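Trainee: predicted structure and sequence below. I'll ask about it afterward.
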Amino acid sequence: MKTVLFASTVIGSLLLFSSCTKVIDVELKDADKRYVVEAVVTDSSGTCRVLLSQTKNFTEDNSFNSVSGAAVTISDLDGSSTVTLAETAPGEYTDAAFAGIPGHTYLLDITANGNTFTARSTMPLKVNFDTLYMTTDNLFGDVYYLANVEFRDPPPLGHCYQAKQYVNGKAINEIFVTNDDYTNDRVNKAKLFLFSDDEEEKVKIGDVVTVDVLCIDPVVYKYWFSLTQSTNGMSAAPANPVSNVEGGAIGYFSAHTLQSKSVTVSGM
């Protein structure tokens with residue numbers, strides 16, 4: 001997974017290293033398996049989903065290690081209602097009709113193989129996603145088509161955002177997150193930097209680019225931000241990202257608003 005923050009500016013540096021090398025044999029020990037929770041509730045019906053899996057050892061493949069047979073519920077703590085999610089695929093629990101309400105707090109409760117995991121997330125009020133457009137950027141001699149989003153961050157301080165990008169319906173495996181620490185009560189013009197050495201992954205003329213903008217809970221922002229620090233090598237001691245899931249599992253539970261826009265890439 002490649003991870004980046006999205007922002008209106010970018011500062012880069014290039015470091016060159018040369019050194020002698022030798023082969024080092026490292027004995028990789030198997031770690032205890034842990035449960036992984038990836039849970040989402042949005043203000044749109046049909047998007048409520050919980051993925052439950054377990055980590056794997058170094059010697060195993062990286063396929064989805066699903067956990068079936070769990071009891072999964074989501075409760076609206078402000079509305080005193082509870083929905084039980086059905087397992088619609090191995091390790092995937094959904095409810096097609098459930099939609100969250102901005103400003104409400106939700107409790108996730110999972111029971112699996114005698115283990116109980118809980119998490120809370122408050123769905124922020126929706127901030128309008130105003131505009132999506134494409135620009136071209138010439139970097140290191142290559143031309144890239146990059147998506148740009150615009151929205152006005154309202155007062156007071158404390159809004160957090162995530163963007164998800166799709167090209168021709170295919171999700172881009174990048175993390176785009178930001179908050180309003182430096183943009184409170186201002187118009188945000190954010191560029192989603194997306195680079196690839198693979199020509200087939202580059203955005204091209206005629207492609208349809210879709211961007212989801214999510215208003216996310218600050219605790220969920222901390223999860224994604226800490227994940228970017230670890231996977232970008234910016235942490236001296238990489239560790240699991242900050243999770244809002246309790247009970248020993250890793251992962252996240254995000255109650256957020258969802259807005260989408262699409263644009264077809266044309267010559268510029």
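Mentor: Great, that's in hand. Numbering: from 1, shown residues only.
Trainee: correct me, but Asn244 touches Ser121?
Mentor: Yes - applying Cβ atoms under 8 Å as the test, Asn244 and Ser121 come out as touching, 6.5 Å apart. C-beta: built from backbone N, CA, C; applies to glycine.
Trainee: Arg34 against Ser53, yeah?
Mentor: No - counting by Cβ under 8 Å, Arg34 does not reach Ser53; the two are 9.8 Å apart.
Trainee: ranges for the helices of the stretch 1-150 of the chain?
Mentor: Under the criterion DSSP state H, counting those that start in this stretch, the stretch 1-150 of the chain carries no helices.
Trainee: any stretches of it with poor pLDDT?
Mentor: Judged against pLDDT under 70, the low-scoring parts of the stretch 1-150 of the chain cover residues 1-31, 57-63.
Trainee: can you rerun that using 50?
Mentor: Applying pLDDT under 50 to the stretch 1-150 of the chain picks out residues 1-5, 7-29.
Trainee: average pLDDT for the longest strand along the chain?
Mentor: Taking DSSP state E as the criterion, the chain has its longest strand at strand 250-264. Mean pLDDT, strand 250-264: 97.
Trainee: using PDB, write down the CA coordinates of it.
Mentor: Output in PDB follows, covering the C-alpha atoms of strand 250-264 (Å, rounded to 0.1, in the frame of the first residue of the first chain):
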ATOM      1  CA  ILE A 250      -6.400  -4.000  15.300                       C
ATOM      2  CA  GLY A 251      -8.100  -1.900  12.600                       C
ATOM      3  CA  TYR A 252     -10.700   0.800  12.700                       C
ATOM      4  CA  PHE A 253     -14.400   1.700  12.900                       C
ATOM      5  CA  SER A 254     -15.400   4.800  10.900                       C
ATOM      6  CA  ALA A 255     -18.700   6.500  11.000                       C
ATOM      7  CA  HIS A 256     -18.500   9.200   8.200                       C
ATOM      8  CA  THR A 257     -20.400  11.200   5.700                       C
ATOM      9  CA  LEU A 258     -19.800  10.300   2.000                       C
ATOM     10  CA  GLN A 259     -19.900  12.500  -1.100                       C
ATOM     11  CA  SER A 260     -18.800  11.400  -4.600                       C
ATOM     12  CA  LYS A 261     -18.000  13.200  -7.900                       C
ATOM     13  CA  SER A 262     -16.700  11.900 -11.200                       C
ATOM     14  CA  VAL A 263     -14.900  13.500 -14.200                       C
ATOM     15  CA  THR A 264     -13.800  12.200 -17.500                       C
END
